[in-house]
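Peer 1: Build me a structure from this.
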Amino acid sequence: MRYRLYLAAVVCWGASIAMLASGCDEAVSPILGTEEAFSFYGYFNPRADTQAIRVYAIDGILKPEQGQKLDALVTSRNKSTGQTVVWRDSTVAFSNGTVGHVFYALFRPEHGVEYTFQAQGSDGRTAYADLIMPADGATELVSILSARSSVIVELHWFGVPRVLRTAATYTVRVPFPDGSDTTTVRVRIPSGQVQQIGMDAWKVIILPSSDIGAIYTILGLRPGINPILLDNIEVSAFVASKNWESPTGDFDSELLVQPGVFDNVEGGFGFIGSGYNDKFTFELTDKQKQDAGFSLK
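Peer 2: Numbering: from 1, shown residues only. Model prediction:
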């Protein structure tokens, strides 16, 4: 039976690799009476030059090691070229006082290529996971529907296996109280509705006319009193490997922490995915800005 080892892979989808690797402690439950060797957490990022995966040794009870080097040779292999990279161990102290092992390597995985990540102990016990990097897809701004108090933006991602999560970053300007100048800030909001529309094709809907309420709240401003001027909108999407898919098709964190939902490690426990953050920036016309609730001056 697979035990609850999956929370880090759920909580930290779009975070940096280091943040994902460092967020695993609270997900670890004891595992007794198993012959499995190691547990893995993390993901490969084909748009990053440094990769990091958290590795646990399983010695009767799964627990974070206390600072010493992990008895493991950790490698990754490009299954197309056969090139093998040896990963280095590092120990990370977490906020709850425990210490864990994060293995890292300086290389950039290739889009669309399959890799094997493996850990082998001195006793010969081995755990490994095979994973395919998602393709480098394309993004298109399909339409902007605009009416008073309603602006709907539709974007499509093509040639990618999955889009898991989206966010919108609004670059806005806020006038000084005396009107002499403006200050520019970037406000990031979890935003967007994701829907698959075909093989490796995904639709993302952003609602600036709804997001502006969150922008006012975050900035501590008041609609009708404090004007907000919009420069541009950056939509980010986390593009992930096909196996990063819930059985129900939904991004449900309560479901995904259940035992056995995500597990692609042979000879061990846990999950290693692959993914990257993709971004697309666009501007609204003056009318569309006004319809969404932004000011022009």
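Peer 1: now the stretch 151-297 of the chain, which segments are flagged as low pLDDT?
Peer 2: Within the stretch 151-297 of the chain, the stretches with pLDDT under 70 are 245-262.
Peer 1: Show me the strands in it, by range?
Peer 2: For the stretch 151-297 of the chain, strands defined by DSSP state E, counting those that start in this stretch occupy the ranges 162-175, 182-190, 193-198, 201-206, 229-240, 268-282.
Peer 1: ok, now which ones touch the residue sitting furthest away from the middle of the chain?
Peer 2: Farthest-out residue of the chain from its mean C-alpha position, per Cα atoms, centre = their mean: D178, at 41.2 Å. With contacts defined as Cβ atoms under 8 Å, 6 or more residues apart in numbering, D178 has no neighbours. The C-beta positions use only the backbone N, C-alpha and C, and glycine is treated the same way.
Peer 1: Begin at 30 from now on, thanks
Peer 2: Understood, numbering begins at 30; the last thing we discussed is D207.
Peer 1: For it, give me phi and psi.
Peer 2: For D207, the backbone dihedrals are phi -90, psi 0 (criterion: degrees, to the nearest 10).
Peer 1: sorry, back to before: mind giving me TSV with the strands of the stretch 180-326 of the chain and columns for distance to P252?
Peer 2: Putting these into TSV (distance: least, Cβ to Cβ, whole Å) gives the following:
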stretch	distance to P252
strand 191-204	13
strand 211-219	15
strand 222-227	24
strand 230-235	20
strand 258-269	14
strand 297-311	24
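Peer 1: okay, the ones you listed in TSV with mean neighbour count next?
Peer 2: Listed next are those as TSV, based on neighbours: other Cβ atoms under 10 Å:
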stretch	mean neighbour count
strand 191-204	19
strand 211-219	13
strand 222-227	12
strand 230-235	20
strand 258-269	20
strand 297-311	21
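Peer 1: Among those strands, which comes closest to E169?
Peer 2: strand 297-311 (8.5 Å; Cβ to Cβ).
Peer 1: partners of that closest one, with directions?
Peer 2: Applying DSSP bridges, strand 297-311 is found paired with strand 67-73 (parallel), strand 258-269 (antiparallel).
Peer 1: will you turn these into a markdown table that also has distance to T195?
Peer 2: Shown next, in a markdown table, are the strands paired with strand 297-311 (distance: least, Cβ to Cβ, whole Å):
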| stretch | distance to T195 |
| --- | --- |
| strand 67-73 | 17 |
| strand 258-269 | 5 |
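Peer 1: P190: which of those strands is closest?
Peer 2: Short answer: strand 258-269, nearest of the strands paired with strand 297-311 by Cβ to Cβ, at 7.1 Å.
Peer 1: what angle separates that closest one from strand 230-235?
Peer 2: Interaxial angle of strand 258-269 relative to strand 230-235 (axes from the mean of the first three to the mean of the last three Cα atoms, to 10 degrees): 150 degrees.
Peer 1: Distance check, A66 against A86.
Peer 2: 8 Å (Cβ to Cβ, to the nearest Å).
Peer 1: Tell me which of these two has more neighbours.
Peer 2: A66 (24 against 20; other Cβ atoms under 10 Å).
Peer 1: Run a quick check on the more buried one versus V294, I expect a contact.
Peer 2: No: assessed by Cβ atoms under 8 Å, A66 is found out of contact with V294, at 9.4 Å.
Peer 1: Which among the strands paired with strand 297-311 is found nearest to T145?
Peer 2: That would be, of the strands paired with strand 297-311 and by Cβ to Cβ, strand 67-73, which comes in at 11.0 Å.
Peer 1: How about exporting the closest one as PDB, limited to the C-alpha atoms?
Peer 2: Provided in PDB are the C-alpha atoms of strand 67-73 (Å, rounded to 0.1, in the frame of the first residue of the first chain):
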ATOM      1  CA  PHE A  67      13.900   5.500  -1.300                       C
ATOM      2  CA  SER A  68      11.200   8.100  -1.700                       C
ATOM      3  CA  PHE A  69      11.300  10.900  -4.200                       C
ATOM      4  CA  TYR A  70       9.600  14.300  -4.400                       C
ATOM      5  CA  GLY A  71       9.900  17.000  -7.000                       C
ATOM      6  CA  TYR A  72      10.000  17.700 -10.700                       C
ATOM      7  CA  PHE A  73      12.300  18.300 -13.600                       C
END
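Peer 1: Next, report how far whichever helix or strand comes after it is displaced from the centre of its chain.
Peer 2: Sequence-wise, the next helix or strand downstream of strand 67-73 (DSSP states H and E) is strand 79-88. Here strand 79-88 is found 18 Å from its chain centre; the criterion is Cα atoms, centre = their mean, to the nearest Å.
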